[in-house]
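Enquirer: next comes the sequence, and after it the predicted model I'd like to discuss.
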Amino acid sequence: MIDLTSELGKRAARRFMEEEIIWLTTTDRHGSPQPRPVWFLWDGETFLIFSLPQAYKVSHIRNHARVALNLDSDDFGEDIVVILGDATISTSPATEDEMVQYLEKYKRGLERINLTAEEFKSSYTVSIRITPFAIRGN
């Protein structure tokens with residue numbers, strides 16, 4: 001578990017609740033980092049990310065569970081937050097409460113990509129849970 005009581009931890013925890021995009025970096029079969037922006041839900045202990053089953057990030061995590069998450073900096077290159085964590089893949093559905101929170105958070109995002117909540121739930125069937133073990137930033 002990461003320390004969310006430090007100045008960095010408090011700032012990160014606030015941003016985890018406010019930000020819509022986090023960068024997930026996985027490692028491919030050649031050992032190359034593969035960053036990608038993703039939607040996420042923070043529950044105070046883990047990050048929840050939904051994925052299409054055939055997405056590369058799923059196979060990357062199956063082969064290398066260690067991942068990094070990064071939040072974008074501010075306009076001056078400050079407010080950096082980097083999380084290191086261990087990811088697990090599950091085809092079990094998220095809890096109803098998690099799904100409600102997730103769909104509420106990304107209601108506008110779904111509208112932007114012309115996807116209904118039902119279409120999202122039937123397509124993005126893989127749950128990725130990331131348990132952070134380290135945090136750094138400025």
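Expert: Looks like it arrived, so ask away.
Enquirer: list the contacts of the nearest residue in space to Ile49 that is not next to it in sequence.
Expert: Distances taken as CB to CB, 6 or more residues apart in numbering place Ile128 nearest to Ile49, at 4.3 Å, with adjacent residues excluded. In short, each C-beta sits where N, CA and C put it, glycine included. Listed by CB atoms under 8 Å, 6 or more residues apart in numbering, the contact set of Ile128 reads Leu48, Ile49, Phe50, Ser51, Lys57, Val58, Ile61, Ala87, Thr88, Ile89, Ser90.
Enquirer: now these as TSV including distance to Pro132, pLDDT and secondary structure?
Expert: Below are the contacts of Ile128 laid out as TSV (distance: CB to CB, whole Å; pLDDT from 0 to 100; DSSP: H, G, I helix; E, B strand; the rest coil):
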residue	distance to Pro132	pLDDT	secondary structure
Leu48	12	97	strand
Ile49	13	97	strand
Phe50	18	96	strand
Ser51	18	96	strand
Lys57	17	97	helix
Val58	19	97	helix
Ile61	15	98	helix
Ala87	10	98	strand
Thr88	13	96	strand
Ile89	17	96	strand
Ser90	17	86	strand
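Enquirer: report the contact partners of Ala12.
Expert: Residues in contact with Ala12 (CB under 8 Å, 6+ apart) are Ile2, Leu4, Leu71, Val81, Ile83, Ile135, Gly137.
Enquirer: ramachandran angles for the residue nearest the centre of the chain?
Expert: Centroid-nearest residue in the chain, with CA atoms, centre = their mean: Phe40, separated by 4.0 Å. Dihedral pair for Phe40: phi -160, psi 160, per degrees, to the nearest 10.
Enquirer: show me the strands in the protein, by range?
Expert: Using DSSP state E, the strands assigned to the chain run over residues 22-27, 33-38, 41-42, 47-51, 66-71, 81-90, 126-137.
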